[in-house]
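1. Give the three-dimensional model of this entry:
(2 chains, ligands or ions: 2)
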Amino acid sequence: MAVNSEQTADRKAMGKIINRYPPERRYILAIMQDLQKQFNYLPKDALQMTAEYVNTPMSVVYSMATFYKAFSLVPKGRVVLKTCDGTACHIKGSNIIIDEIYKTLGIRPGETTADGDFSLETVNCLGACALAPVLVANDRVYPKVTPASLREIIEENRGRRDESTERE
Amino acid sequence: MKVTIDGKKIEAKLGETILEAAVRAGVEIPNLCYIEAFGGQGVCRMCMVEVKDGEQKRLVASCTYPITGEIEVQTNTPELQEIRRNIITLLYRRAPNSDFMKKLYQEYVCPAVEVVDPAEKCIMCRLCVKACEKVGAFAISTIMRGTEKRVATPFDEASPSCIGCGACAEICPTGAITVKEENGKQEIWHKSFEMSRCEICGNYYSTLPVKEHVKEQLDNEVSGENLCPSCRRKKLAGDLAKFSIK
Ligand code: SF4
Ligand code: FES
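-> Numbers count the residues shown, from 1 in each chain, chains lettered A, B, ... in the order given. Ligands and ions are numbered 1, 2, ... in the order given. Okay, the predicted model is just below:
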């Protein structure tokens, strides 16, 4: 029961997002971006609804959804931690940060915590090498991260949602 | 408009691709992802040629480069040979498990490489995806990107739009797509199809949804007979013989 009503509510929310756009193929990306923001991933139902709405084969929508790194087909954490593992950050010990995240949260790059609070991703350069090693939690940037400051960052972000999604 | 391909002067139409013009002139340009009926895809880059336009020289993919002026084309310079050797080497490294690639790898005298996956066959030419599009099914597409890119159905599940025609497997140069045929069933892309039997010889020749699809495409203007291609041909020949001129 509970699952069903949750599903209906989800489908309603999906429909609302999708219907904001004209039913044309060129809006697929925009629709998927909004869906990703709302649900922290692209639910299968949502992709199917999108494909139908813009009258485009599912294979095409799926191809796009898997092509872009910004999209995920499995639920991502409410807070996505991105550690830079580019050259400068790597030299400045980003691997220590990645290890430390694993010790505290138990997730490795590409994984999400069981409570859905955090996901971890590595990126190749954030363009802020002077601040190495850099960590980004959703839209907040943390420079010169150390194992000690990392614990604070995690506490600060626990239970937080991406502010930019809280518009409705 | 006049273009020169490997020294041969030929007449080309405006907007025609270099590859098309070359084929007409009898000049062979190597390619892996080109089929006349599909047009150029620009995927494999094997068809690279050197174009000289006035003083400028550059390398272009001949299957997608439209002719718009009087150009001079070279299809087999040492530089191009090196490019092709590199492409074959890299493709072989990714997908060595087909006679097709093994042969090319030897033909192009490629250097030794450590293969990534000895069982892999797919060279990502995208011909199967194109064929599926042309059939009108749109069941498969390329998914992911970079080294993880591959051909698949959405979610790697049976696709509702797949009709089991096997056009993808038919067109695949490396035999990378598996079709299992067993007891009147054909299995492809995680989906199993009932086969249709020929009325005359009794052989299985097509899946049921394909029959429906063809009917639809032809506005139901086909006979209701279930005939395999070879029996249909024989029957047609017999029908035509009745019209022989006395
Ligand atoms: S499966 Fe075959 S036809 Fe499809 S992309 Fe791979 S090699 Fe090309
Ligand atoms: S034939 Fe031109 S890119 Fe493949």
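2. Surely B:Phe155 is within a helix?
-> Yes - applying DSSP: H, G, I helix; E, B strand; the rest coil, one finds B:Phe155 inside a helix.
3. Apart from its chain neighbours, what residue comes closest to it?
-> Among residues not flanking B:Phe155 along the chain, A:Lys44 sits closest, at 6.7 Å (C-beta to C-beta, 6 or more residues apart in numbering or on different chains). The C-beta positions use only the backbone N, C-alpha and C, and glycine is treated the same way.
4. Can you tell me the centre-most residue of chain B?
-> Nearest to the mean C-alpha position of chain B, counting by C-alpha atoms, centre = their mean, stands B:Leu127 at 4.1 Å.
5. how much space between the residue nearest to B:Phe155 and A:Met14?
-> To A:Met14, A:Lys44 is 11 Å away according to C-beta to C-beta, to the nearest Å.
6. and what of A:Glu24?
-> 18 Å.
7. what about those two, which has more around it?
-> Using other C-beta atoms under 10 Å in any protein chain shown, the more surrounded residue of A:Glu24 and A:Met14 is A:Met14, with 24 against 11.
8. check contacts around the more buried one.
-> Listed by C-beta atoms under 8 Å, 6 or more residues apart in numbering or on different chains, the contact set of A:Met14 reads A:Leu35, A:Pro43, A:Asp45, A:Ala46, A:Met49.
9. That one: helix or strand, and which one exactly?
-> Using DSSP states H and E, A:Met14 sits within helix A:2-18.
10. my guess is B:Ile177 contacts B:Cys168, does it?
-> Yes - proximity of B:Ile177 to B:Cys168 meets the contact threshold set by C-beta atoms under 8 Å, at 5.3 Å.
11. Can you get me a residue count around the one residue in chain A that gets nearest to chain B?
-> Nearest residue of chain A to chain B: A:Pro57, at 3.4 Å (C-beta to the nearest C-beta). Here the number of neighbours of A:Pro57 (other C-beta under 10 Å) works out to 20.
12. Is the nearest residue to it once chain neighbours are set aside in a helix, a strand, or coil?
-> Spatial nearest neighbour of A:Pro57, excluding adjacent residues (C-beta to C-beta, 6+ apart): B:Phe138 at 3.4 Å. Three-state call for B:Phe138 (three-state DSSP): coil.
13. go on, B:Thr4?
-> Criterion first, three-state DSSP; result for B:Thr4: strand.
14. list the contacts for the closest residue to it other than its chain neighbours?
-> Distance criterion C-beta to C-beta, 6+ apart; nearest residue to B:Thr4, sequence neighbours excluded, is B:Glu72 at 4.6 Å. Taking C-beta under 8 Å, 6+ apart as the contact definition, B:Glu72 lies against B:Val3, B:Thr4, B:Val51, B:Lys52, B:Asp53.
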